[in-house]
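*Asks:* kindly generate the corresponding structure for this input.
(4 chains)
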2 protein chains.
Amino acid sequence: MIIDSDAVRQQEGSSKCAGSPEGTAQDRTALVRGILSRIGDKWSVMVICSLGVRPLRFNELRRAVSGITQRMLTSTLRALERDGIVSRTVHPTTPPAVEYALTDVGHDLQCVLYSLATWADDHADTIHTARARYDERTRA
Amino acid sequence: MIIDSDAVRQQEGSSKCAGSPEGTAQDRTALVRGILSRIGDKWSVMVICSLGVRPLRFNELRRAVSGITQRMLTSTLRALERDGIVSRTVHPTTPPAVEYALTDVGHDLQCVLYSLATWADDHADTIHTARARYDERTRA
DNA sequence: CAGCATCCACCTTGATACTG
DNA sequence: CAGTATCAAGGTGGATGCTG
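*Replies:* As a prediction, this is how the structure comes out:
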């Protein structure tokens, strides 16, 4: 589906990364695409990070993730809940109290997101200067 | 900007993840959002993965990333080049030959993407069943 | 408090045609 | 070969009003 085999077959083992023992490049690509379509939207990461600190109720989350609307918070939470990344616990009081928390899977995901953040941290300067130089050259 | 401090301040050290020594949750969230807005689009990851195998020329890439249009390949490559994730080398022959390759930064990013893929691999079953159960319950 | 329903603007992507 | 330009379509997210 994703990658044509002819163009990519050679030098399959050229990656110097640790890990990544089995699975084709195509598989990996598809998997990453799947995750990104899940958490690559505008709000999922912020929700996950907020819940990573501690479980929160709906309106607590709304305040924590500043700028989000109820509509987007609702749909984001539903999507994450559907995939078992966050749990939703209803306490049948009046008024109702609903608590959202990261599941174990969600917590693992949060760890991976930290590795992403670490990458960004490590290369922030490089990226920034690269961007500045690129903009410099293309403005001319 | 991202996260309101009141709702999140407590229990800052509750994350059981390895790493992540300094930096606030807000910083991390902003960083991850930044990356995701860069590579969270429809094609960036596939391009990165393709170039991770070996450097490719424009039309090789177009064949490798099946389904992509010239327009999207061009804009994806420009964005990645701007951030110093891929390099663009023009060989002034006739017809012109342009080679795209991952930079060191891009290669590091590819490694992080592998950790994302590993997460997806590890939890694919859990997610799938969670999703099935969720759809089951909501259909009723 | 914790949502759902509706309508709408914009942005991303795709299709297509053309160029050095 | 390696692009650029233009136009159209669809999805994503925002604003608003209403409910148990």
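*Asks:* those residues of chain A touching DNA strand C, which are they?
*Replies:* Applying CB under 7 Å from any atom of the strand, one finds that chain A approaches DNA strand C through A:57-60, A:70-71, A:74, A:77-78, A:88, A:95-98. To be clear about C-beta, it is placed using only N, CA and C from the backbone, and glycine gets the same treatment.
*Asks:* ok, and which of those reach DNA strand D?
*Replies:* A:Gln70, A:Arg71, A:Pro95, A:Pro96.
*Asks:* host element of A:Leu116?
*Replies:* In the assignment (DSSP states H and E), A:Leu116 maps to helix A:104-139.
*Asks:* please apply the same query to A:Val90.
*Replies:* Judged by DSSP H and E, A:Val90 forms part of strand A:86-91.
*Asks:* run the chain-centre distance for stretch A:48-59.
*Replies:* Its chain's average C-alpha position is 15 Å from that of stretch A:48-59, according to CA atoms, centre = their mean, to the nearest Å.
*Asks:* how long is it end to end?
*Replies:* 15 Å (CA to CA, to the nearest Å).
*Asks:* any buried residues in it, and which?
*Replies:* A:Ile48, A:Cys49, A:Ser50, A:Leu51, A:Gly52, A:Val53, A:Arg54, A:Pro55, A:Leu56, A:Arg57, A:Phe58 (16 or more other CB atoms under 10 Å in any protein chain shown).
*Asks:* confirm the third one sits in a helix?
*Replies:* Okay, so that is A:Ser50. Yes: the assignment for A:Ser50 is a helix, going by DSSP: H, G, I helix; E, B strand; the rest coil.
*Asks:* neighbouring contacts of stretch A:37-49?
*Replies:* The set of residues external to stretch A:37-49 that reach it, using CB atoms under 8 Å, 6 or more residues apart in numbering or on different chains, is A:61, A:65, A:68, A:72-73, A:76-77, A:79-80, A:83, A:85-86, A:102, A:106, A:109-110, A:113, B:2-3, B:25, B:28-29, B:32-33, B:36, B:40-41.
*Asks:* which among those count as buried?
*Replies:* Buried among the contacts of stretch A:37-49 (16+ other CB under 10 Å): A:61, A:65, A:68, A:72-73, A:76-77, A:79-80, A:83, A:85-86, A:102, A:106, A:109-110, A:113, B:2-3, B:25, B:28-29, B:32-33, B:36, B:40.
*Asks:* in strands, which of the residues of chain A next to DNA strand C fall?
*Replies:* Among these, the members falling in strands (DSSP state E) are A:Arg57, A:Arg88, A:Ala97, A:Val98.
*Asks:* ranking these by neighbours, who comes first?
*Replies:* A:Arg57 (16 neighbours; other CB atoms under 10 Å in any protein chain shown).
*Asks:* before we move on, back to that, closest to B:Ile127 among the ones in strands among the residues of chain A next to DNA strand C?
*Replies:* Among these, A:Arg88 lies closest to B:Ile127 (CB to CB), at 16.1 Å.
*Asks:* and that closest one, what pLDDT?
*Replies:* Note on A:Arg88: pLDDT of 98.
*Asks:* please apply the same query to the one 5 residues further on.
*Replies:* pLDDT recorded at A:Thr93 is 94.
*Asks:* show me the contacts for it.
*Replies:* Contacts of A:Thr93 by CB under 8 Å, 6+ apart: none found.
*Asks:* measure the nearest residue to A:Val86 once chain neighbours are set aside to DNA strand C for me?
*Replies:* Spatially, and ignoring its direct neighbours in sequence, A:Val86 is nearest to A:Leu80 (4.4 Å; CB to CB, 6 or more residues apart in numbering or on different chains). Separation of A:Leu80 from DNA strand C (CB to the nearest atom of the strand, to the nearest Å): 12 Å.
*Asks:* quick one: the helix or strand where A:Leu80 lies to chain centroid distance?
*Replies:* Assessed by DSSP H and E, A:Leu80 sits inside helix A:70-82. Computed by CA atoms, centre = their mean, the chain-centroid distance of helix A:70-82 equals 14 Å.
*Asks:* let me know the angle separating that helix from helix A:104-139.
*Replies:* If you take axes from the mean of the first three to the mean of the last three CA atoms, to 10 degrees, helix A:70-82 sits at 120 degrees to helix A:104-139.
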